[in-house]
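K.L.:
any chance you can model this:
(one chain, ligands or ions: 2)
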Amino acid sequence: MAILPILVAPDPRLKQVAAPVEQVDDTVRRLMDDMLETMYAAPGIGLAAPQVGVLRRIIVLDVASEGETPQPYRMVNPELVWVSDEDASYEEGCLSLPDHYADVVRPAAIRVRYLDEHGVERELAAEGVLATCIQHEIDHLDGILFVDHLSALKRNMILRKLLKAKKAKPGKGKAGTPEPAHVL
Ligand code: GNR
Ligand code: NI
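P.N.:
Numbers count the residues shown, from 1 in each chain. Ligands and ions are numbered 1, 2, ... in the order given. Model (predicted):
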């Protein structure tokens with residue numbers, strides 16, 4: 001197991017559309033284990049492969065509270081097969097937009113179809129924070145960040161601050177960008 005470096009916006013890799021996984025093999029399973037370890041260490045409730053520089057349709061999540069039994073999900077090629085007409089607003093954060101939070105409106109309930117870590121097709125119905133998190137992670141697979149759901153004013157305010165922070169950090173320019181630990 002390994003903790004992987006998480007990309008922070010602005011980074012062109014966070015805006016790419018990730019490619020579907022063809023085979024759920026040991027490499028994919030190992031990546032999902034490393035992503036879960038990275039997510040728990042952050043700490044976060046979800047993580048998408050593009051956030052660790054891997055442009056594949058893989059997400060992990062666990063919305064169980066501290067002290068509760070962990071409930072990790074590993075999802076390959078996740079797809080929303082139903083969303084509710086009803087919307088819900090939730091204050092979101094993102095490990096790729098550190099220290100920024102904003103209310104995002106999304107469908108309140110969903111059904112997601114995905115392959116589990118054994119390559120078996122599954123469907124899950126979700127509402128509340130789990131529904132929010134699954135939608136947030138699938139957005140990452142399509143190069144979408146939560147700020148893309150906000151007004152241009154709020155989005156640019158956050159992105160400008162992150163760019164400024166990046167420029168101020170020595171050795172974290174283009175040359176210092178961490179390389180992905182996995183190549184699929
Ligand atoms: O840790 C995270 N918390 C969170 C809170 C509200 C809505 C979505 C999230 S996901 C985020 C981790 C992350 O960036 N996943 O991509
Ligand atoms: Ni995120």
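
K.L.:
make it CA atoms for all contacts and neighbour counts henceforth
P.N.:
Noted.

K.L.:
say whether ligand 1 is contacted by stretch 111-127.
P.N.:
No - residues of stretch 111-127 are not located near ligand 1 by Cα under 6 Å from any ligand atom, the shortest gap being 12.6 Å.

K.L.:
residues contacting the biggest strand by length in the chain, please?
P.N.:
Taking DSSP state E as the criterion, the chain has its longest strand at strand 73-83. Residues from elsewhere that reach strand 73-83, judged by Cα atoms under 8 Å, 6 or more residues apart in numbering: 20-21, 24, 32, 57-62, 107-117, 138.

K.L.:
sec struct for G119, please.
P.N.:
coil (DSSP: H, G, I helix; E, B strand; the rest coil).

K.L.:
what residues does this structure have near ligand 1?
P.N.:
44-48, 91-96, 132-133, 136-137.

K.L.:
could I get the full set of strands for the protein?
P.N.:
46-48, 58-61, 73-83, 87-92, 102-107, 109-115, 121-127.

K.L.:
most packed of these?
P.N.:
Mean neighbour count (mean count of other Cα atoms under 10 Å) peaks for strand 46-48 among the strands of the chain, with a mean of 28.

K.L.:
if you count contacts, what does that one end up packed against?
P.N.:
helix 26-41, strand 58-61, helix 128-141 (3 or more Cα pairs under 8 Å, 6 or more residues apart in numbering; DSSP states H and E).

K.L.:
for L153, find the nearest of these.
P.N.:
Ranking the helices and strands packed on strand 46-48 by their distance to L153 (criterion: Cα to Cα) puts helix 128-141 first, at 20.4 Å.

K.L.:
that older thread, if you average pLDDT over the longest strand of the chain, what comes out?
P.N.:
Here strand 73-83 scores 99 as its mean pLDDT.

K.L.:
next: stretch 162-177.
P.N.:
The model assigns stretch 162-177 a mean pLDDT of 72.

K.L.:
now swap in stretch 26-36 and tell me
P.N.:
If you average the pLDDT over stretch 26-36, you get 98.

K.L.:
quick check: buried residues in that stretch?
P.N.:
Buried positions in stretch 26-36, judged by neighbour count with 16 or more other Cα atoms under 10 Å: 28-29, 31-36.
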